[in-house]
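K.L.:
Fold the stuff below for me.
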Amino acid sequence: HTTVAAEKEQRPLARYSYGPDFFTTLHSVEGVSRSKVVEVMVQVLTGRHTELASRELHQLRTGSGGDDPPVTREGGETCWRVALQTKTPSARRLHYWACNDGSIEFSSVRLHDDIKP
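P.N.:
Residues are numbered from 1 along each chain as shown. Just a heads-up that it's a prediction; the model follows:
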């Protein structure tokens with residue numbers, strides 16, 4: 001679902017930036033269209049991803065277990081993960097940092113089993 005013109009006022013884009021590995025991982029991970037990546041990035045920036053079960057939003061964890069602690073960085077910011085694909089082998093994921101100033105830092109595009117931020 002995309003943001004229609006009437007919703008743009010209620011769903012402004014959050015401020016955002018790109019982490020040092022974002023474009024490298026975007027270009028190296030195959031099997032997901034750039035348009036899908038952009039669509040999900042806009043969902044993150046407008047907050048719509050929190051309403052879509054298909055995004056499988058959760059904090060990125062330090063290990064593969066559901067009770068492993070979340071990945072954080074200096075200052076207490078947490079890395080989040082959203083699904084670019086579901087029900088696909090090695091489904092692609094978008095990782096981003098929820099920054100303390102309210103902005104989003106897009107960190108990387110990864111395969112499902114890759115838990116690096």
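
K.L.:
for stretch 16-33, which positions count as buried?
P.N.:
Taking 16 or more other C-beta atoms under 10 Å as the basis for neighbour counts, the residues of stretch 16-33 that come out buried are 19, 21, 22, 25, 26, 29, 32. Backbone N, C-alpha and C define where each C-beta goes, glycine included.

K.L.:
What distance do you get for the second one to residue 75?
P.N.:
With distances defined as C-beta to C-beta, to the nearest Å, the gap from residue 21 to residue 75 amounts to 19 Å.

K.L.:
cool, the last one as well?
P.N.:
Residue 32 sits at a distance of 30 Å from residue 75 (criterion: C-beta to C-beta).

K.L.:
Please apply the same query to the fourth one.
P.N.:
From residue 25 across to residue 75, the span is 23 Å (C-beta to C-beta).

K.L.:
What of the first one?
P.N.:
From residue 19 over to residue 75 the distance is 14 Å, taken as C-beta to C-beta.

K.L.:
likewise the third one?
P.N.:
According to C-beta to C-beta, residue 22 and residue 75 sit 19 Å apart.

K.L.:
again with residue 55
P.N.:
Between residue 55 and residue 75 the distance is 25 Å, computed by C-beta to C-beta.

K.L.:
Of those two, which one has the most company?
P.N.:
Taking residue 55 and residue 75 together and counting by other C-beta atoms under 10 Å, residue 55 has the greater number of neighbours (20 against 9).

K.L.:
how about that one, what does it touch?
P.N.:
With contact taken as C-beta atoms under 8 Å, 6 or more residues apart in numbering, residue 55 is in contact with 40, 43, 49, 82, 83.

K.L.:
same deal with residue 75?
P.N.:
Listed by C-beta under 8 Å, 6+ apart, the contact partners of residue 75 are residue 100.

K.L.:
Next up, identify which helix or strand residue 97 is on.
P.N.:
Counting by DSSP states H and E, the element that carries residue 97 is strand 92-98.

K.L.:
Could you point out the helix or strand that follows that strand?
P.N.:
For strand 92-98, the following helix or strand on the C-terminal side (DSSP H and E) is strand 104-111.

K.L.:
for that next one, packing partners?
P.N.:
Packing partners of strand 104-111 (3 or more C-beta pairs under 8 Å, 6 or more residues apart in numbering; DSSP states H and E): strand 16-18, helix 22-28, helix 34-46, strand 92-98.
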